[in-house]
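Visitor: Attaching a predicted model along with its sequence, questions to come.
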Amino acid sequence: MFYWFMKYLVAGPLLKSLFRPWVVGQENIPKSGGAIIASNHLSVIDSVFLPLYLDRRISFLAKSEYFTGKGVKGWVTRVFMKTTGQLPIDRSGGKASEASLLTGLRVLGGGDLLGIYPEGTRSPDGKMYRGRTGVARMVLEAGVPIVPIAMVDTDEMMPIGTRLPKFRRIGIIIGEPLDFSRFEGMEGDRFILRSITDELMYEMQRLSKQEYVDVYATSVKGKAPALSR
């Protein structure tokens, strides 16, 4: 209820009127049934604007620490997470990947939309980086389509490290769903998982026109501390 209240009566109308995002391909979102919505990740506001232009609710996976903060900052963070449909997962320890998988499969098994950023973190410099294969495993285990998304210029509106967005128009490009059912039952094959992930990243890069770099974004952030905040 809170999600829909904020989306249609409070935050949604305000953000749409102030920033006037342009959107292409809304008809490519499945009308029913589970599906993965896979997007590039340029800014924290990606998780704000993308849900505004989907008729269906979308849930994202987020670190549980975002829901347990103290004081005013902790409260604001919790409200933001709930408003944007984030689901808390424990990403500490060796079972982090399994926790993400099981939580995602529950969402998809319920016939809902699950939002995933295959790069695993925000791009530190506006480029697109290598995708993590967890998204491919989830696609095969759930047996659902995956919709590639390109967020455009959100890093220009709100770069990493800034607290308030700039008044800049952004874009959302929604590609056609990708069907990987031909690989059913092969979720244990790491070569298949990498092939699926690379095909997805290629399609996302085609939509976004970003420069592609075949390394993980986390490795780049590790070399540039100033960009990792």
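Guide: The structure has been received and is ready for your questions. Because the structure is predicted, anything quoted here is derived from the model rather than measured. Residues are numbered from 1 along each chain as shown.
Visitor: give me phi/psi at the residue lying farthest from the centre of the chain?
Guide: Most distant residue from the mean C-alpha position of the chain: residue 71, 27.2 Å away (Cα atoms, centre = their mean). Phi and psi for residue 71, reported as degrees, to the nearest 10, are phi 70, psi -170.
Visitor: what's the answer for residue 149, then?
Guide: Dihedral angles for residue 149 - degrees, to the nearest 10 - are phi -130, psi 140.
Visitor: And for residue 168?
Guide: Main-chain torsions, residue 168, degrees, to the nearest 10: phi -140, psi 140.
Visitor: count of neighbours near it?
Guide: Other residues near residue 168 number 11, with proximity taken as other Cβ atoms under 10 Å. In short, each C-beta sits where N, CA and C put it, glycine included.
Visitor: Could you report the pLDDT at it?
Guide: We have a pLDDT of 90 for residue 168.
Visitor: circling back: kindly provide the distance from the residue farthest from the centre of the chain to residue 78.
Guide: In this view, residue 71 and residue 78 are 11 Å apart by Cβ to Cβ, to the nearest Å.
Visitor: Same question for residue 9.
Guide: Distance of residue 9 to residue 78, computed by Cβ to Cβ: 20 Å.
Visitor: Tell me which of those two has more neighbours.
Guide: The neighbour comparison of residue 9 against residue 78 (other Cβ under 10 Å) goes to residue 78, with 16 against 10.
Visitor: For the helix or strand hosting that one, output the C-alpha coordinates as CSV.
Guide: Using DSSP states H and E, residue 78 sits within helix 71-83. Taking C-alpha atoms only, helix 71-83 is exported to CSV below (Å, rounded to 0.1, in the frame of the first residue of the first chain):
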residue,chain,number,x,y,z
GLY,A,71,18.7,8.2,13.6
VAL,A,72,17.2,10.4,11.0
LYS,A,73,19.5,9.2,8.2
GLY,A,74,18.6,5.6,8.9
TRP,A,75,14.8,6.5,8.9
VAL,A,76,15.2,8.3,5.6
THR,A,77,17.1,5.4,4.0
ARG,A,78,14.4,2.9,5.2
VAL,A,79,11.6,5.0,3.7
PHE,A,80,13.5,5.3,0.4
MET,A,81,14.1,1.6,0.3
LYS,A,82,10.5,0.7,0.9
THR,A,83,9.2,3.4,-1.5
